[in-house]
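In: just coords:
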């Protein structure tokens, strides 16, 4: 058999998908043959939302290297779209494989030492992003200097006027051209039966912020006030969150009558957010899912530079009137929780602007 090891669908450990689906054999006559001649590596380990907001570079890579095979190393391979040829977890068996390959280019967008060390160790022709210098994270080229400095200097970060996608495209020596997020395929009709009695425009409220970054957690009484205000206006409220928010959302639902369906797998969560007409969230993975779905968004932001966010639908950023004391800090300092200074009335006004009834 004339085995085509260079085919994008070739696995080696099992039959390929075209063989299973259509019965074709792995040879040069296969009508599904998609020959690759270059390997490309993306390293973006986490967090989950940051992985999602990095996916626009896939579109550019596919255009620049149509015969390239894209490997992506991450702690969250489940959030990657199908256009990534080889999603990889940060596991020893994956690292061993990577060290055996040659790459035409690699992009490392993480400054963690383990990610930077790989850029020094792997066989890479063209390197972008961050590597190690004298054993410490450092920019690999001049175009990575800006993104590097935003991570080590608060004053430099606060003065930044570029959004994240402009920054990472610049790091790769490209100009950003409105490439959008890419999400994995999901079932659009997943929750049709459960939501069949929901009328009107649905506002998804993502009530959590993760366990680490408590400085950006909007208090329960503010969420409850917002729910009541939205319901009085005629909106339907759908509570969103993960396992960490389950108890909180059950309580909010019980006190207000807001819809709450529980917590789900990542792809199911995408399906649920897709049912919303607009979303309210702090800076979370759910925020990035909403952006990827081109949903109007009201973003509650207190600790990040608002310039770093980029949206694909009408959206608003709401922050406290006074600058936050805990810039890029996971916990509040000086006895002030500035996220609590954002009023439910202010959030409602922005919702009515982006999604009038």
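Out: Happy to help now that I have it. Everything quoted here is computed from the prediction, not taken from an experiment.
In: helix, strand or coil for the spatially closest residue to residue 175 that is not a sequence neighbour?
Out: Once flanking residues are discounted, residue 175 sits nearest to residue 169: 6.4 Å by Cβ to Cβ, 6 or more residues apart in numbering. In this view, the C-beta of every residue, glycine as well, is placed from N, C-alpha and C. Judged by DSSP: H, G, I helix; E, B strand; the rest coil, the three-state class of residue 169 is helix.
In: Does residue 169 touch residue 61 like I think?
Out: No. The criterion here is Cβ atoms under 8 Å, and residue 169 misses it with residue 61 at 11.2 Å.
In: residues touching residue 274, list them.
Out: Shown in contact with residue 274 (Cβ atoms under 8 Å, 6 or more residues apart in numbering): 186, 188, 293.
In: Mind putting these into JSON lines with distance to residue 93, pLDDT and secondary structure?
Out: Below are these laid out as JSON lines (distance: Cβ to Cβ, whole Å; pLDDT from 0 to 100; DSSP: H, G, I helix; E, B strand; the rest coil):
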{"residue": "186", "distance to residue 93": "28", "pLDDT": "96", "secondary structure": "coil"}
{"residue": "188", "distance to residue 93": "35", "pLDDT": "92", "secondary structure": "coil"}
{"residue": "293", "distance to residue 93": "34", "pLDDT": "98", "secondary structure": "coil"}
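In: Got a quick PyMOL command for the buried subset of these?
Out: Buried subset of the contacts of residue 274, written as a PyMOL selection, criterion 16 or more other Cβ atoms under 10 Å:
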select buried, resi 186+293
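In: List just the nearest of the contacts of residue 274 to residue 246.
Out: When these are compared for distance to residue 246 (Cβ to Cβ), residue 186 wins out at 21.0 Å.
In: Pull up the gap between that closest one and residue 56, please.
Out: In this view, residue 186 and residue 56 are 18 Å apart by Cβ to Cβ, to the nearest Å.
In: same question, residue 84
Out: In terms of Cβ to Cβ, residue 84 sits 13 Å off from residue 56.
In: Likewise for residue 298?
Out: Counting by Cβ to Cβ - residue 298 and residue 56 are separated by 22 Å.
In: Which one of the two is surrounded by more residues?
Out: Each of residue 298 and residue 56 has its neighbours counted (other Cβ atoms under 10 Å); residue 298 has more, 25 against 22.
In: SS state for that one?
Out: Quick answer, by three-state DSSP: residue 298 is strand.
In: got it, and residue 176?
Out: Assignment for residue 176 (three-state DSSP): coil.
In: Repeat that for residue 52.
Out: helix.
In: which residue packs closest to residue 262, ignoring adjacent ones?
Out: Nearest non-adjacent residue to residue 262 (Cβ to Cβ, 6+ apart): residue 246, at 6.9 Å.
In: picking up where we left off before, could the contacts of residue 274 be laid out in JSON lines, adding distance to residue 33?
Out: Shown next, in JSON lines, are those (distance: Cβ to Cβ, whole Å):
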{"residue": "186", "distance to residue 33": "29"}
{"residue": "188", "distance to residue 33": "31"}
{"residue": "293", "distance to residue 33": "34"}
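In: List just the nearest of the contacts of residue 274 to residue 139.
Out: Using Cβ to Cβ, the contacts of residue 274 come closest to residue 139 at residue 293, 33.1 Å.
In: Is it correct that the closest one is in contact with residue 272?
Out: No. Assessed by Cβ under 8 Å, residue 293 is found out of contact with residue 272, at 10.6 Å.
In: Going by length in residues, pull out the top strand of this structure.
Out: For the chain, the strand with the greatest residue count under DSSP state E is strand 123-133.
In: in that one, what counts as buried?
Out: 124, 127-132.
In: chain center to that strand, what's the gap?
Out: Distance of strand 123-133 from its chain centroid, counting by Cα atoms, centre = their mean, to the nearest Å, is 23 Å.
In: Can you list the residue ranges for strands in the protein?
Out: Using DSSP E, strands in the chain cover 38-43, 68-73, 86-88, 102-108, 123-133, 136-139, 202-206, 236-240, 259-260, 278-282, 297-300, 315-318.
In: where does this protein dip in pLDDT?
Out: Within the chain, the segments meeting pLDDT under 70 span 211.
In: Quick check: neighbours shared by residue 169 and residue 61?
Out: With Cβ under 8 Å, 6+ apart, residue 169 and residue 61 have no common neighbours.
In: From what I see, residue 256 and residue 236 are in contact.
Out: No. Using Cβ under 8 Å, residue 256 is not in contact with residue 236, being 11.7 Å away.
In: Need the contact partners of stretch 65-85.
Out: Outside stretch 65-85, the residues within contact range by Cβ under 8 Å, 6+ apart are 8, 35-48, 51-52, 55, 58, 61-62, 86-90, 94, 98, 101, 103-105, 115, 118, 182-185, 266.
In: how long is that stretch end to end?
Out: 13 Å (Cα to Cα, to the nearest Å).
In: Same list (the buried residues of strand 123-133) but as a markdown table, adding distance to residue 66.
Out: Listed next are the buried residues of strand 123-133 as a markdown table, based on distance: Cβ to Cβ, whole Å:
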| residue | distance to residue 66 |
| --- | --- |
| 124 | 20 |
| 127 | 22 |
| 128 | 19 |
| 129 | 22 |
| 130 | 27 |
| 131 | 27 |
| 132 | 32 |
